[in-house]
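**Student:** The following block contains a protein sequence and its predicted model.
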Protein chains: 2
Amino acid sequence: MKILFIGFGNVAKEMARIFTERKLYPALDISPEVIGIFTKRHGGLENSSGICLDTVLTELRQNDRLTADERELSPLTPLEAAEKLDYDVLVELSSLSISGKGEPAVSHIRAALKRGKSVASANKGPVGFHYRELRDLAEENGALYLFESAVMDGAPVFNFCRRCMKGATITGFSGILNGTTNFILSHMEKGGSLEEGIKLAQEAGIAEADPSMDIDGWDPAAKTAALANVLMDSDITPLDVAREGIRSVTPEMAQEAVKRGMRLKLICRGSREGNTVRASVEVEEVSREDIFCLVSHYGSALRIESDLMNPNTIVQECPDLLDTAYGVIEDLITIRDHLDTHSRLPLK
Amino acid sequence: MKILFIGFGNVAKEMARIFTERKLYPALDISPEVIGIFTKRHGGLENSSGICLDTVLTELRQNDRLTADERELSPLTPLEAAEKLDYDVLVELSSLSISGKGEPAVSHIRAALKRGKSVASANKGPVGFHYRELRDLAEENGALYLFESAVMDGAPVFNFCRRCMKGATITGFSGILNGTTNFILSHMEKGGSLEEGIKLAQEAGIAEADPSMDIDGWDPAAKTAALANVLMDSDITPLDVAREGIRSVTPEMAQEAVKRGMRLKLICRGSREGNTVRASVEVEEVSREDIFCLVSHYGSALRIESDLMNPNTIVQECPDLLDTAYGVIEDLITIRDHLDTHSRLPLK
């Protein structure tokens, strides 16, 4: 399976580590061949006979560059790479853009799907802003568009609903979906300030590059729109989500809630209202009896409501890069199986 | 899809209700035709042109019998029905037997699989005692043996691991898997006795018919063996599980734990020890920071550990018969899809 990476930050590096240390994971039977790596900061690499991930990791760590071998350097832009290179799967890992309505990732994904190439992406922007178009484009071209890591890292959220709830209709969801704000709210309960909380989350490598994505609720709004679109057949964008951030929360407010036996949490919700879906991200007081109350630090949780089951909640207590990287790899395994089935079909 | 029911208690009745009220569930696209119903207490029915479930539900409710139509009554035993009738799927819903090592359900399931008929079962006995044999028998005969409702009712536990964690190896699990003992322990925290707790659980229709299955930990031990066998490729039986029940717990012990900020919970565990799996069911003190602490009443939870993800926990807060019935129906949808694919293959 030939892979093109667009974006090669922490998640991609963790994927590369897993691939190079595959012997540690006895059930991981995937053999990716990376033919291109395109980044915003380090330019692009292409090698149709396969790029050595071990070398790339070493070069990035030691010399802050992708390669020492100039023959691998590519003159293409990421979009041109998606349009022109010979690959089976695009792994799209650029970061969330609200002002660009999911761009430039949307264009990369569109370019791949139009060519019948499948896409695995951890970016919540394209699925939040353009799910229907990309889903239909994938279907028309016999490709898959997968994004398990876009919400709750690699914890199976989309797959839980799509693979394990056949015949059921999702009627609503609620969750804590942004680790940074959850961490900051916990930090405020101990008297810490918003600014300190942001700094600590950035040092831990958890905060989005632009703090406003977390603090103003854009990241959870994009995730909420993604869940509403995929699980509840809605057609909204992150801009349609009733959105509240945590800027107006003070340490005093967080501490007073604790005194009353409650905790302040940034809660994402989706619910049916007639033929539409109401989606929101709002600071709520959560009682000590609610599972959401026990989601601390960078944890996350999603409660799923349906017509054929009482609510089930998936809780991810201490996610790190491993989870996000694995979510994309799980998508790659699904794509590998899809390619295998497809190539075994008789020609028309 | 022609269905044979063996066992027609509360779960089967709830399945029948869902089927007869299918219009309430817009995504439920399954058309079962029930050709046989065999019970311990009411004898058996067979009708190759389909039994009217609405009539059976009414007859059971009003007259405590399966039918008023004597032509539908069958002289067959349940085992003979599994061996002789013309059906596509056996729905096995008889109750757990430890002394019989999963019998008579195991014989019913074996008879179906040998004939290439798939099986959906909520019974944890056969999967706890004979998983490998039944799995291999199913595979050899091109059939499916599914049992999602055997653990945590219909909450996707087996399917979560099998369908949503491709490439990962399960390294351990822990959970609260028996609603009755969880309810009784919560009741004891309020000063109630074991006997009262059993009575209340029986009145709520939650307790196993034989209280010892719950109180002495046999039901959670069967579930623990099932999880170890299916998820961790173990080959143990419920008799191999280090098992503790709740008979030795007093209301005073439960209340003292609460005073210390803890709760007593009956915790099921599976973990790797070299090449074997250690499985246990034991009363443990759980801290207020642990999600398990918030599992009250008849709720359940399972924490899944793997090599490629940090732990994920699935929490089912308030399960009832709907969940168990849906779990079996989800299995039936998988079997329907399997039959469809199978029948579309060209003949050899």
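**Tutor:** Sure, I can see it.
**Student:** and the residue nearest to A:Leu57 when sequence neighbours are not counted, how many neighbours?
**Tutor:** Nearest residue to A:Leu57, sequence neighbours excluded (C-beta to C-beta, 6 or more residues apart in numbering or on different chains): A:Ala16, at 5.6 Å. (Glycine included, C-beta is placed from N, CA and C.) Residues lying near A:Ala16 (other C-beta atoms under 10 Å in any protein chain shown) number 22.
**Student:** Show me the shaky parts of the stretch 201-348 of chain A.
**Tutor:** A:344-348 (pLDDT under 70).
**Student:** Can you pull the residues of it lying near chain B?
**Tutor:** The stretch 201-348 of chain A comes close to chain B at residues A:289-291, A:293-294, A:296, A:307-320, A:322-323, A:326, A:329-330, A:333-334, as judged by C-beta under 8 Å from any C-beta of the partner chain.
**Student:** filter those to the buried ones?
**Tutor:** Among those, those buried by neighbour count (16 or more other C-beta atoms under 10 Å in any protein chain shown) are A:290-291, A:293-294, A:296, A:307-317, A:319-320, A:322-323, A:326, A:329-330, A:333-334.
**Student:** ranges for the strands of the stretch 1-150 of chain A?
**Tutor:** Ranges of strands within the stretch 1-150 of chain A are A:2-6, A:33-38, A:44-46, A:73-74, A:89-92, A:118-121, A:145-146, based on DSSP state E, counting those that start in this stretch.
**Student:** Do the helix or strand just after the last one and chain B come into contact?
**Tutor:** Right, the one you point to is strand A:145-146. Remark: after strand A:145-146, the chain's next helix or strand is helix A:158-164, criterion DSSP states H and E. Yes. Helix A:158-164 reaches chain B (C-beta under 8 Å from any C-beta) through A:159-160, A:163-164.
**Student:** isn't there a helix covering A:Val277?
**Tutor:** No. Counting by DSSP: H, G, I helix; E, B strand; the rest coil, A:Val277 is not part of a helix but strand.
**Student:** Pull the contacting residues for A:Ile246.
**Tutor:** A:181, A:184-185, A:194, A:215, A:217, A:266, A:283 (C-beta atoms under 8 Å, 6 or more residues apart in numbering or on different chains).
**Student:** host element of it?
**Tutor:** Per DSSP H and E: nothing holds A:Ile246, as it lies in no helix or strand.
**Student:** How many residues are close by A:Ser248?
**Tutor:** 9.
**Student:** roughly how far apart are it and chain B?
**Tutor:** 28 Å (C-beta to the nearest C-beta, to the nearest Å).
**Student:** In the record's domain split, what are the boundaries for chain A?
**Tutor:** A:2-154+A:322-344, A:162-318 (automatic domain parsing).
**Student:** now the last one, how far from the centre of its chain.
**Tutor:** Just to be clear, that refers to domain A:162-318. 15 Å (C-alpha atoms, centre = their mean, to the nearest Å).
**Student:** Same question for stretch A:92-111.
**Tutor:** So, by C-alpha atoms, centre = their mean, the centroid of stretch A:92-111 is 12 Å from its chain's centroid.
**Student:** So which bits of that stretch are buried?
**Tutor:** Buried, per 16+ other C-beta under 10 Å, within stretch A:92-111: A:92-98, A:102, A:104-111.
**Student:** Out of those, which comes closest to chain B?
**Tutor:** A:Leu93 (17.5 Å; C-beta to the nearest C-beta).
**Student:** check contacts around the closest one.
**Tutor:** A:5-9, A:11-12, A:121-123, A:328.
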